[in-house]
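Colleague: Provided below for reference: sequence and predicted model.
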Amino acid sequence: MWLRKRLDLGWSDLALGMLACLRPGGAGAAQAELESCWSSTGDALACLSVRSGFDLLFAALNLPRDSEVLISAITIPDMVRIIEDHGLVPVPIDLEVSQMAPQIELLRRAITPAARAIVVAHLFGGHILMEPILELARKHGLLVIEDCAQAFADQTYRGHPQADVSMFSFGPIKTATALGGGILRVRDAELLARMRSRQAEYPVQGRGAYLRRLLKYALLKAFSVRPVVKIVVGFCRVIHYDYDRMINGAVRGFAGPGFFRRIRQRPCPALLSLLKRRLRSYDLRRLERRTAHGELLAKLLGERVIRPGAKLAAHTHWVFPILVDDPDRVVQRLQRAGFDATQGQSLCVVPPPEGRRQLQAQAADDVLAKTVYLPMYPELPRRALQNMAAAVLEACGQRRVEVSLRPARVTTTSAARPAG
């Protein structure tokens, strides 16, 4: 069984992180070093997570109650939760599916006198075109916040230079993960100073808590080998246990009660140290291999399968989503073929504000209802990609599918048809 996702860190990273938990020293110097590593212009802020930084941002902005925050219609539920906790109103902007970008005309229509900010998510490992959004935001005096949590692309990309805030995540399933940590670039020096001052009042994350986190993911990494995954999946089926829910719960950063108490902490020195190491020594060949795998799989599937975000720029294929009419059937077929595909449970569609049903994000609803995520990471061999493409096409209504790697084409006895 090819696992849906593998942790993007090695055993040496885990070992050094554990050793860092045992070393004395304060977080101040480690934080300054990490922020300097990320940006030489002094506009970076290292946080416990992107959620922590997002919460800090709105606390420092102190916007009037019921101010509106326009936001990409697909995001994680915690981002909506944070906006609402600050007395603000999230306003969804539906997406153009091929780029997973906010539709500019819908964005224009959604702007009211109460609007104060736009939160734009770069989804699935690519980058959307920011210029039209920036132009509209400047015209209306709106703050532009980039959510780049899924879009780490290399050691030089640090967000769009004209965005007011750019947020990057290094949580458990992210590229170059440190099993936690977020870095924000905040271009307004006064705003950054207020955020930094507020964060300084937070308690520091316990070293023991981070050590337990490292041990937990070391165990998950040890159990991610193919034969073990196959046994676990099979056992869950026998006892009718929701394997998807188990995996998604295991990698959630802030599951359980006390959400705001837990995100309102400073990262401990060990987390800061490991994240600095990851950024300085990350092997970009892993990104190159994953990107090449994603491009090959896209070529093998061709236009027979609809891919949300297919036209995203600088696509590194952090995940590989496809749209299908019957996700359960496709997932089951792929699992029988040895691929741990999933519908995913981490994203949500932002609901419209009360009384503004015209802002219901229909395209986003359709995407989440029909999305299946295929395994995608550097360790997948080309032959596995070939077999996965064949299984997808067969599950979408084609029979006796044979997919060749050179050239990438499909031969079948039945007519090909789109899967969306």
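Modeller: Okay, I see it. All values derive from a computational prediction rather than experimental measurement. Numbers count the residues shown, from 1 in each chain.
Colleague: low-confidence ranges, the chain, go.
Modeller: Where the chain drops to pLDDT under 70, the residues are 226-237, 240-256, 398-420.
Colleague: can we see that at 90?
Modeller: Low-confidence segments of the chain (pLDDT under 90): 1-5, 23-30, 152-157, 220, 222-257, 303-304, 313-314, 344-346, 396-420.
Colleague: and the longest helix for it?
Modeller: The longest helix of the chain (DSSP state H) is helix 284-301.
Colleague: how far does the strand or helix carrying residue 145 sit from its chain's centre?
Modeller: Assigned by DSSP states H and E, residue 145 belongs to strand 143-147. How far strand 143-147 lies from its chain's middle: 16 Å, per CA atoms, centre = their mean, to the nearest Å.
Colleague: next secondary structure after it?
Modeller: Note on strand 143-147: by DSSP H and E, the next helix or strand toward the C-terminus is strand 165-169.
Colleague: which ones are touching the spatially closest residue to residue 343 that is not a sequence neighbour?
Modeller: The shortest distance from residue 343 to any non-neighbouring residue, by CB to CB, 6 or more residues apart in numbering, is to residue 327 (5.1 Å). C-betas here are computed from N, CA, C, even on glycine. Contacts for residue 327 were tallied using CB atoms under 8 Å, 6 or more residues apart in numbering; they are 343, 369-372.
Colleague: now these: which count as buried?
Modeller: 343, 370-372 (16 or more other CB atoms under 10 Å).
Colleague: reformat the residues you listed into CSV and put secondary structure and distance to residue 397 next to each item.
Modeller: As requested, those are exported to CSV (DSSP: H, G, I helix; E, B strand; the rest coil; distance: CB to CB, whole Å):
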residue, secondary structure, distance to residue 397
343, coil, 19
370, helix, 15
371, strand, 18
372, strand, 14
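Colleague: output those in a markdown table; the columns should cover distance to residue 88.
Modeller: A markdown table is the format used below for the buried ones among the contacts of residue 327 (distance: CB to CB, whole Å):
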| residue | distance to residue 88 |
| --- | --- |
| 343 | 30 |
| 370 | 31 |
| 371 | 28 |
| 372 | 33 |
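Colleague: what two of the residues you listed are the furthest from one another?
Modeller: Farthest-apart pair in the buried ones among the contacts of residue 327 is 343 and 370; separation 9.0 Å (CB to CB).
Colleague: any idea how far stretch 95-110 is from the middle of the chain?
Modeller: How far stretch 95-110 lies from its chain's middle: 19 Å, per CA atoms, centre = their mean.
Colleague: in it, which residues are buried?
Modeller: For stretch 95-110, the neighbour count (16+ other CB under 10 Å) marks 95-97, 99-103, 106-107, 110 as buried.
Colleague: dump the residues you listed to JSON lines, plus secondary structure and distance to residue 134.
Modeller: Shown next, in JSON lines, are those (three-state DSSP; distance: CB to CB, whole Å):
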{"residue": "95", "secondary structure": "strand", "distance to residue 134": "18"}
{"residue": "96", "secondary structure": "strand", "distance to residue 134": "17"}
{"residue": "97", "secondary structure": "coil", "distance to residue 134": "22"}
{"residue": "99", "secondary structure": "coil", "distance to residue 134": "16"}
{"residue": "100", "secondary structure": "coil", "distance to residue 134": "18"}
{"residue": "101", "secondary structure": "strand", "distance to residue 134": "13"}
{"residue": "102", "secondary structure": "strand", "distance to residue 134": "12"}
{"residue": "103", "secondary structure": "coil", "distance to residue 134": "16"}
{"residue": "106", "secondary structure": "helix", "distance to residue 134": "17"}
{"residue": "107", "secondary structure": "helix", "distance to residue 134": "11"}
{"residue": "110", "secondary structure": "helix", "distance to residue 134": "16"}
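Colleague: nearest to residue 217, out of the residues you listed: which one, please.
Modeller: Looking across those and measuring by CB to CB, the closest to residue 217 is residue 100, at 28.2 Å.
Colleague: doesn't residue 129 make contact with that closest one?
Modeller: No - between residue 100 and residue 129 there is no contact under CB atoms under 8 Å: 11.3 Å.
Colleague: and the residue lying closest to residue 290 once chain neighbours are set aside, what does it touch?
Modeller: Using CB to CB, 6+ apart and skipping residues adjacent in sequence, the residue nearest residue 290 is residue 378, 4.9 Å away. If you count contacts by CB under 8 Å, 6+ apart, residue 378 has them with 286, 289-290, 293.
Colleague: and residue 329, how far from residue 307?
Modeller: Using CB to CB, to the nearest Å, residue 329 is found at 18 Å from residue 307.
Colleague: how about residue 337?
Modeller: Between residue 337 and residue 307 the computed distance is 19 Å (CB to CB).
Colleague: cool, and residue 359?
Modeller: Per CB to CB, residue 359 is found 26 Å from residue 307.
Colleague: these two - which one has more neighbours?
Modeller: residue 307 (25 against 19; other CB atoms under 10 Å).
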